[in-house]
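Undergrad: sharing a sequence plus its predicted fold:
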Amino acid sequence: MFIDKNLFTDNFHKRLYLGKIDYINASPVYYGLDNGLKPDWLEMIEGPPAVLNKMIKQGKIEISPVSAAFYGMNHRDFLVLPDFSISCNGRVLSVILMSNFPIDNLDGKNIVLTEDSATAAALVRLMLNGRGISANFSKKRIRNISDIPERTDAALVIGDAALTMPWENYFSYRMDLGEIWFKEKNLPFVFALWVVRRSYAMEHGECVQEVLDLFHASRKKGYEHLDEIIRSGADKLGLDELKIREYYDLLFCDLDKEKKQALQLFFDSLYDINFFREKVELRFF
């Protein structure tokens, strides 16, 4: 699909602020926007998931990827953009629980959860709850080894830091949360969704549709240039291209029927353990 980046009429020239995850996992979705498709009226704001969550909640950006759990906690305020996610179907490599104990032996242990992802943190709590394990949780920013407090038994690490830091030098077990979920549920796992503020969508539906079309064109261009994305990711993280290719082979950026099913199961399970105050329904733009 060809998108004229200056297609908007005078009615839609108001600047729109769009969130962009600063990890390489979303690079295929943004490739086209980063390479010629972004119109002048669209401004992209980069940040980790937790920062983007906060900004869209505060109304500082209109459309953004957000943690799936954040959407669940605020589902009345947002509409999901169809067919976009950051998901896996088994291993994901970049959402890991590093531990000095097997997962079944973490009862009473000190676990540090990264504050960068509400979804990954909720998934850890859900997995431990299902095993009858009660741990001592704390949250902080985790980007490198020095961020881990002393007397930490396990740490949840996500994103580029999970791929690049030598966590095995400090912990005995590396647990891939996508792989654990798949083994238990035989379903994909959805870590992030693209959403629009409901109030904005109600007033500017044509504008949101235009952005949605741009995203489709941008992602299509991204997968057509995946080799370039892989090289760029390897350069950014200082990793071998084969490792980055493996990573992208495990990631999915769509939201098909099976992923919606998995997402609803995740939401229902969090409601069952009182993580959510009410049932969560997926509501789409």
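TA: Cool, the structure landed.
Undergrad: contact partners for Phe285?
TA: Phe285 makes contact with Leu79, Val80, Leu81, Pro82, Val196, Ala201, Gly205, Val208, Leu212, according to C-beta atoms under 8 Å, 6 or more residues apart in numbering. In this view, the C-beta of every residue, glycine as well, is placed from N, C-alpha and C.
Undergrad: what segments of the chain are strands?
TA: Ranges of strands in the chain, per DSSP state E, are 16-21, 42-47, 63-67, 78-88, 95-99, 110-114, 136-140, 154-158, 173-176, 189-197, 251-252.
Undergrad: mean neighbour count, mean pLDDT and distance to Asp227 added to those strands, as TSV?
TA: Shown next, in TSV, are those (neighbours: other C-beta atoms under 10 Å; pLDDT from 0 to 100; distance: least, C-beta to C-beta, whole Å):
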stretch	mean neighbour count	mean pLDDT	distance to Asp227
strand 16-21	21	96	21
strand 42-47	15	96	23
strand 63-67	27	97	24
strand 78-88	22	97	20
strand 95-99	25	97	25
strand 110-114	22	96	30
strand 136-140	13	95	37
strand 154-158	26	97	25
strand 173-176	17	98	25
strand 189-197	26	97	24
strand 251-252	20	98	15
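Undergrad: as CSV, those strands with distance to Ile273 would be great.
TA: Formatted as CSV, the strands of the chain follow (distance: least, C-beta to C-beta, whole Å):
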stretch, distance to Ile273
strand 16-21, 27
strand 42-47, 29
strand 63-67, 17
strand 78-88, 22
strand 95-99, 18
strand 110-114, 16
strand 136-140, 14
strand 154-158, 17
strand 173-176, 20
strand 189-197, 17
strand 251-252, 26
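Undergrad: quick one: which of these is nearest Pro28?
TA: Across the strands of the chain, Pro28 has its closest neighbour in strand 251-252 (8.0 Å, C-beta to C-beta).
Undergrad: neighbouring contacts of the closest one?
TA: Contacts of strand 251-252 (C-beta under 8 Å, 6+ apart): Asn25, Ser85, Ile86, Ser87, Cys88, Asn89, Val92, Pro188, Lys259.
Undergrad: any idea which residue sits dead centre in this protein?
TA: A centroid search over the chain (C-alpha atoms, centre = their mean) returns Ala192, at 3.3 Å, as the residue closest to the centre.
Undergrad: and stretch 174-182, how far from the chain's centre?
TA: How far stretch 174-182 lies from its chain's middle: 15 Å, per C-alpha atoms, centre = their mean, to the nearest Å.
Undergrad: and for it, what's in contact with it?
TA: Here stretch 174-182 makes contact (C-beta under 8 Å, 6+ apart) with 88-93, 95-99, 103, 120, 123-124, 127, 167-168, 187-189, 250.
Undergrad: how does it look with 7 Å?
TA: By C-beta atoms under 7 Å, 6 or more residues apart in numbering, the residues outside stretch 174-182 that reach it are 88-93, 95-99, 103, 120, 123, 127, 167-168, 189.
Undergrad: same check, this time on stretch 265-278
TA: Identification of contacts with stretch 265-278 by C-beta under 7 Å, 6+ apart yields Ala68, Gly72, Met73, Ala122, Arg125, Leu126, Asn129, Lys185, Leu187, Lys279, Val280.
Undergrad: return the member of the residues you listed nearest to Gln58.
TA: Set against Gln58, the nearest of the contacts of stretch 265-278 by C-beta to C-beta is Met73 (14.7 Å).
Undergrad: since we're on the closest residue to Arg197 other than its chain neighbours, how many residues are nearby?
TA: Nearest residue to Arg197, sequence neighbours excluded (C-beta to C-beta, 6 or more residues apart in numbering): Glu62, at 5.6 Å. With neighbours defined by other C-beta atoms under 10 Å, the count for Glu62 comes to 22.
Undergrad: for Glu62, grab phi and psi.
TA: Phi and psi for Glu62, reported as degrees, to the nearest 10, are phi -100, psi -40.
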